[in-house]
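K.L.:
with the input below, show me the fold.
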Amino acid sequence: MELSELKGKKIMIVGLARTGVSLARLLTEHGAEVTVSDHKSKAELATFLEMMSGIEVHYDLGGHTPKTFLAQDLIVLSPGVPPHLKIFDYARSNGVKVTGEFEFCSQFIKEPVIAITGTNGKTTTTRLIEQFLTRSGVNCWIGGNYGEPLSEYLRSGVKAQVLVLEVSSFQLEHTESFTPTNIVFMNLAENHLDRYRSMEEYVNAKRRIFLNTNQSTTSILNADDNAVVELARDPAVQRGRIFYFSRKPTLEPQIMNIGGAVLIKDQIRVRTGPEIEYYTVSNAKMRGKHNFENIMAAILAAREHGATHEAIQRVIDDFPGMPHRLEYVRKVGGVQFYNDSKATNVHAVMRALDTFDENVILIMGGKDTNLNFAPLKDRIRRVVKTLILVGEAKERINRDIGDFTETFLIGTFEEAILISYQKSRINDVVLLSPGCSSFDTFDSYVERGNYFKELVNKFR
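P.N.:
Coordinates of the predicted model:
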């Protein structure tokens, strides 16, 4: 399909926000007749409506009008809109196609795509790939779930040599034609159970990234994650080439035989062709053993598209990591503070705790999304001296893991940070790794992480 074919089409965007604004601009620029529908009121959407200034669209705000839905040629959902609403079933039953923004935009992409998904590590891996390629002189565009929406690439008119796209389960729900050249699958753990009715439904959404694999597809998979290895048995995955990456030296013979990457002490060994390449991580600035997985996956993807050995090694040595992901804040009175606000699920907290040996004061809590925190109990016993719980989910977390260390349930975020400092001693680590989304108190994990840093920087 070509963008010129949008002219005269009646297209509804459901869910305004940042992606909805970008998509509205793209559609109107190509002559579509656009309606924006959102259950929020004009007052609640004031910021985004201001961004829509100068764009000629119709609005259906404060709810969804069935008659308006049936008047469309196509309905496109923003990623934050749950696909199970009855109004969408009603539209489909009356012959109106419903799709997602990511799937809609991907059909216009002709360039090679590296698609990165998984429960954790997506953004860091995406940025590493982009850095590896850019420093090698490869013109790439980065976006998707991280950075700009895919519609912004289509609006820009630029032509990259390769697109590096972080892809969430929300974006994969409507996948039909999306065909990435490389699929990077980092890991798979319980997440977003406020959106999905079961873990199986979440996994099935992620699995859709393999829907259109072919002999030209290279899938880059985590050999240390049993759920990902199980996915690899799917015939769709087997249609293409598979590279594995692993932190287990015992897997080296197997991986080097078929292609992939393995970590042995402070060296990464990589094979994507006849020769084995070697990279050192002894000077890497990023904290956390899990970041070696991110580096290996990124090398395998970037080498497929022209990244050089020299550029890759330079990035490994220089890359500081991403904000709000085990981000070192400061040291006060012999106590180190780390901001891991991006840790919005149990698996992410596990990875953070594996970075430290002992004496951690852990701050957890946020929006209650029905996650099971019990898998953390062994790590809580081993390295957490004090657990401080705050937010909507604090009672659930306390029931699951509150008995395994000294635990406090606190009323406000500010109090939680203050008490963490009061309870700390020299050589302790205060770690904000919430295991929950931020939406009970904050607009985003970024806002939560920045506020944490602001509070910590006031300590004397």
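K.L.:
what number of residues lie near Tyr328?
P.N.:
For Tyr328, the count of nearby residues is 13 (other CB atoms under 10 Å). C-betas here are computed from N, CA, C, even on glycine.
K.L.:
that's a strand at it, yeah?
P.N.:
Yes. Using DSSP: H, G, I helix; E, B strand; the rest coil, the secondary structure at Tyr328 is a strand.
K.L.:
quick check, it in contact with Arg287.
P.N.:
Yes. The criterion here is CB atoms under 8 Å, and Tyr328 meets it with Arg287 at 7.2 Å.
K.L.:
who touches both of these two?
P.N.:
In terms of CB atoms under 8 Å, 6 or more residues apart in numbering, Tyr328 and Arg287 are both contacted by the residues Tyr338.
K.L.:
so, low pLDDT: which residues of this structure?
P.N.:
Scanning the chain for pLDDT under 70 picks out no residues.
K.L.:
centroid residue for it?
P.N.:
Lys122 (4.8 Å; CA atoms, centre = their mean).
K.L.:
I'd assumed Met186 was in contact with that one.
P.N.:
Yes. Lys122 is within contact range of Met186, at 6.2 Å (criterion: CB under 8 Å).
K.L.:
not counting its neighbours along the chain, what's nearest Leu133?
P.N.:
Excluding the flanking residues, the one nearest Leu133 by CB to CB, 6 or more residues apart in numbering is Cys140, at 4.6 Å.
K.L.:
hmm, back to that, mutual contacts of Lys122 and Met186, please.
P.N.:
Ile116.
K.L.:
give the residue farthest from the middle of the chain.
P.N.:
Residue farthest from the centre of the chain, counting by CA atoms, centre = their mean, is Lys67 at 35.6 Å.
K.L.:
A helix includes that residue, no?
P.N.:
Yes. Counting by three-state DSSP, Lys67 falls inside a helix.
K.L.:
for Tyr278, grab the count of nearby residues.
P.N.:
Neighbourhood size, Tyr278 [other CB under 10 Å]: 11.
K.L.:
for it, which three-state class applies?
P.N.:
Quick answer, by three-state DSSP: Tyr278 is strand.
K.L.:
now do it against Gln313, distance only.
P.N.:
For Tyr278, the distance to Gln313 (CB to CB, to the nearest Å) stands at 9 Å.
K.L.:
for Gln267, same thing?
P.N.:
With CB to CB as the criterion, Gln267 and Gln313 are 11 Å apart.
K.L.:
equivalent analysis for Arg399, please.
P.N.:
Per CB to CB, Arg399 is found 47 Å from Gln313.
K.L.:
the more surrounded of the two?
P.N.:
The residue with more neighbours, out of Arg399 and Gln313, is Gln313; 19 against 11, by other CB under 10 Å.
K.L.:
so that one, which of the three states?
P.N.:
Assignment for Gln313 (three-state DSSP): helix.
K.L.:
so what's it up against?
P.N.:
Tyr279, Thr280.
K.L.:
count of residues packed around the nearest residue to Gly365 once chain neighbours are set aside?
P.N.:
In space, and not counting its chain neighbours, Gly365 is closest to Gly391: 3.6 Å by CB to CB, 6+ apart. Neighbours of Gly391 under the rule other CB under 10 Å: 28.
K.L.:
and this protein, what are its domains?
P.N.:
7-102, 107-318, 327-456 (automatic domain parsing).
K.L.:
possible to save these as a markdown table with distance to Met1?
P.N.:
Shown next, in a markdown table, are the domains of the chain (distance: least, CB to CB, whole Å):
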| stretch | distance to Met1 |
| --- | --- |
| domain 7-102 | 11 |
| domain 107-318 | 5 |
| domain 327-456 | 33 |
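K.L.:
could you pull out the strands for the stretch 51-200 of the chain?
P.N.:
Secondary structure of the stretch 51-200 of the chain (DSSP state E, counting those that start in this stretch): strands at 58-61, 74-77, 97-100, 113-117, 140-144, 162-166, 182-185.
K.L.:
of those strands, which is nearest Asn204?
P.N.:
Across the strands of the stretch 51-200 of the chain, Asn204 has its closest neighbour in strand 113-117 (13.1 Å, CB to CB).
K.L.:
partners of that closest one in the sheet?
P.N.:
The sheet places strand 113-117 alongside strand 162-166 (parallel), strand 182-185 (parallel), with pairing taken from DSSP bridges.
K.L.:
can you tell me who Ile361 pairs with across the strands?
P.N.:
Thr386, Val430.
K.L.:
which residues touch stretch 269-278?
P.N.:
With CB under 8 Å, 6+ apart as the test, stretch 269-278 has contacts from 243, 252, 255-256, 259-262, 267-268, 279, 296, 299-300, 303-304, 309.
K.L.:
dump the strands of the stretch 51-200 of the chain into CSV; add mean neighbour count and distance to Leu16 as well.
P.N.:
Below are those laid out as CSV (neighbours: other CB atoms under 10 Å; distance: least, CB to CB, whole Å):
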stretch, mean neighbour count, distance to Leu16
strand 58-61, 16, 8
strand 74-77, 24, 12
strand 97-100, 19, 15
strand 113-117, 28, 25
strand 140-144, 23, 19
strand 162-166, 26, 22
strand 182-185, 26, 30
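K.L.:
count of neighbours near Pro66?
P.N.:
For Pro66, the count of nearby residues is 12 (other CB under 10 Å).
K.L.:
before we move on, what about Phe243?
P.N.:
Residues near Phe243, counting by other CB under 10 Å, number 26.
K.L.:
wait, a helix at it?
P.N.:
No. Applying three-state DSSP, one finds Phe243 to be strand, outside a helix.
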